[in-house]
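# Just a sequence and a predicted model for now, questions to come.
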There are 2 protein chains.
Amino acid sequence: MTSTTTTAATATAVGPEALEALFTGARTPNRWTDEPVTDEQVAAVLELAKYPPTSMNTQPMRLLLVRSPEARERLATMMSGSNGDKTRSAPLSVVVAADRRFDEELPRLFPHYPGARDLFADAGYRERTAVFNTALQLGYLIMAVRAVGLSAGPMTGIDAPAIEREFFPDGEHEVVAVVNVGVADPAGFRPRGPRLSHEEVVRTV
Amino acid sequence: MTSTTTTAATATAVGPEALEALFTGARTPNRWTDEPVTDEQVAAVLELAKYPPTSMNTQPMRLLLVRSPEARERLATMMSGSNGDKTRSAPLSVVVAADRRFDEELPRLFPHYPGARDLFADAGYRERTAVFNTALQLGYLIMAVRAVGLSAGPMTGIDAPAIEREFFPDGEHEVVAVVNVGVADPAGFRPRGPRLSHEEVVRTV
């Protein structure tokens, strides 16, 4: 597939080095260097990740940057298995949550359809929409972290209810993942897991 | 924010042109040129999109490329509002589905944890995991479409149960979106919707 990828890349503004940094060469770290993640880097990530599309422009993803030593230790105790130690050793941990009341912003975010908010009167549908679009935005966020030259270590092995009680006491946020962010120490990379073949993933009608 | 983004970009293999193509300058098209999407382009997209991470390497996203005129017309009747006409006019439409039986592949995809499949014995948890990770992979897919120089028009305004009955009769796939793919006609771009500010999205502890 290398030749195909190269052909596509050369036809666009996205060159082979960017494709490697974002897709084919990027890895999920298990060890980090001591280099800190600056507020300026976080702002650059947010500025990229905010643009790709969400359903009806809902943008339900909310982020909590866990920076203080006390909060970092509390968060680490709410992770499964080795994720606690990964979190302790990361320069920055970001809690990713879905805002179930994203609909309150729709009159501003989707102004050409005044009835948009009424579509989400059902709490179950509103929650599913919040979580689905937060997962979609998490995909953009991971790519944006990579695009600014950092690595992302997303984890869903977490005690989400405990994190919600501690950090989102309003009861309207559903924690879906924690993402460690920093400069990877390549010595901590494990062999990449197998990927499904194209034939297993796609069919044509 | 321009200066921040530029600073970050120049520090990495991802230059400002790639950031514009993938994040800041990319748009969701409403009109398309007649240029077809080749099987080679689809393969290049899949080859990029398969690498970014999923929970426990589950990779539950499945894709149906709708190419025949008959299937395209049937699909178009299963879309909400103007999404039917958008689908009729697109060079290629891709149905994105979550495979609820992703767990059958875990012994191969996550071999170092033999008990992985047992974690998904509960059908409800299995379905939520399938949909969450499919949404995450949809984010990667949209970025991969853009990375090979095409545009993506994702739509969740669809009659998912009808599409499942027609195209996924095994009852084990949940359709979450349809993505039109092709070369955008910029004349069809609408003004971009507002984005939430950084302050509305992120806080720090």
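Cool, got the structure.
# same for the longest strand along chain A, what does it pack against?
Longest strand in chain A by number of residues, with DSSP state E as the criterion: strand A:173-182. Strand A:173-182 sits against helix A:83-89, strand A:92-99, helix A:123-147, strand A:151-155, helix A:160-167, with contacts defined as 3 or more C-beta pairs under 8 Å, 6 or more residues apart in numbering or on different chains; DSSP states H and E. The way it works is simple: take the backbone N, C-alpha and C, and place the C-beta from them, glycine included.
# then the fourth one to PDB, C-alphas only?
This file holds the C-alpha atoms of strand A:151-155, laid out as PDB (Å, rounded to 0.1, in the frame of the first residue of the first chain):
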ATOM      1  CA  SER A 151       1.800  12.500  21.300                       C
ATOM      2  CA  ALA A 152      -1.600  11.400  22.600                       C
ATOM      3  CA  GLY A 153      -2.300   8.400  24.900                       C
ATOM      4  CA  PRO A 154      -6.100   8.000  25.000                       C
ATOM      5  CA  MET A 155      -7.500   5.700  27.700                       C
END
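# What mean pLDDT does that strand get?
For strand A:151-155, the mean pLDDT works out to 97.
# ok, and what's touching that strand?
Identification of contacts with strand A:151-155 by C-beta atoms under 8 Å, 6 or more residues apart in numbering or on different chains yields A:26-30, A:32, A:79, A:83, A:86-87, A:90, A:138, A:141-142, A:145-146, A:177-184, B:53.
# out of these, which are buried?
With burial judged by 16 or more other C-beta atoms under 10 Å in any protein chain shown, the buried subset of the contacts of strand A:151-155 is A:26-30, A:32, A:79, A:83, A:86-87, A:90, A:138, A:141-142, A:145-146, A:177-182, A:184, B:53.
# Find the nearest non-adjacent residue to the closest residue to chain B within chain A, please.
Closest to chain B within chain A is residue A:139: 2.0 Å, counting by C-beta to the nearest C-beta. Leaving aside its chain neighbours, residue A:139 sits nearest to residue B:139 (2.0 Å; criterion: C-beta to C-beta, 6 or more residues apart in numbering or on different chains).
# Quick one, grab the pLDDT at the one you found.
98.
# For the residue most central in space within chain A, give me its contacts.
By C-alpha atoms, centre = their mean, chain A has its centre lying nearest to residue A:138, at 2.8 Å. Applying C-beta under 8 Å, 6+ apart, one finds that residue A:138 lies in contact with A:61, A:96, A:154, A:176, A:177, A:179, B:136, B:139.
# Nearest to residue A:123 among the residues you listed?
residue A:176 (17.3 Å; C-beta to C-beta).
# what's across from the residue nearest to residue A:177 when sequence neighbours are not counted in the sheet?
Leaving aside its sequence neighbours, residue A:177 sits nearest to residue A:96 (C-beta to C-beta, 6+ apart; 4.5 Å). Judged by DSSP bridges, the bridge partners of residue A:96 are residue A:63, residue A:177.
# any idea how far residue A:96 lies from residue A:40?
21 Å (C-beta to C-beta, to the nearest Å).
# go on, residue A:31?
24 Å.
# Pull out the C-alpha coordinates of stretch A:72-84 and format them as CSV.
As requested, the backbone C-alpha atoms of stretch A:72-84 are provided in CSV (Å, rounded to 0.1, in the frame of the first residue of the first chain):
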residue,chain,number,x,y,z
ARG,A,72,-3.3,14.6,39.1
GLU,A,73,-2.9,12.1,41.9
ARG,A,74,-6.7,12.0,42.5
LEU,A,75,-7.3,11.3,38.8
ALA,A,76,-4.6,8.6,38.8
THR,A,77,-6.4,6.6,41.5
MET,A,78,-9.5,6.5,39.2
MET,A,79,-7.8,4.7,36.3
SER,A,80,-7.9,1.0,35.6
GLY,A,81,-4.8,-1.2,35.8
SER,A,82,-1.6,0.3,34.4
ASN,A,83,-3.4,3.5,33.3
GLY,A,84,-2.9,5.0,36.8
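# got the phi/psi numbers for residue A:120?
Main-chain torsions, residue A:120, degrees, to the nearest 10: phi -110, psi 30.
# show me what contacts residue A:182?
Applying C-beta under 8 Å, 6+ apart, the residues near residue A:182 are A:29, A:32, A:33, A:35, A:36, A:37, A:90, A:91, A:92, A:150, A:151.
# Same check on residue A:27?
Per C-beta under 8 Å, 6+ apart, neighbours of residue A:27: A:151, A:184, A:186, A:189, A:192.
# taking the residues you listed one by one, which sit in strands?
residue A:151.
# Provide a list of residues in contact with residue A:144.
Contacts of residue A:144 (C-beta under 8 Å, 6+ apart): A:45, A:46, A:48, A:49, B:23.
# Kindly reformat the residues you listed as TSV containing distance to residue B:198, pLDDT and neighbour count.
Output for the contacts of residue A:144, formatted as TSV (distance: C-beta to C-beta, whole Å; pLDDT from 0 to 100; neighbours: other C-beta atoms under 10 Å in any protein chain shown):
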residue	distance to residue B:198	pLDDT	neighbour count
A:45	10	98	30
A:46	5	98	20
A:48	12	98	25
A:49	10	98	24
B:23	15	97	22
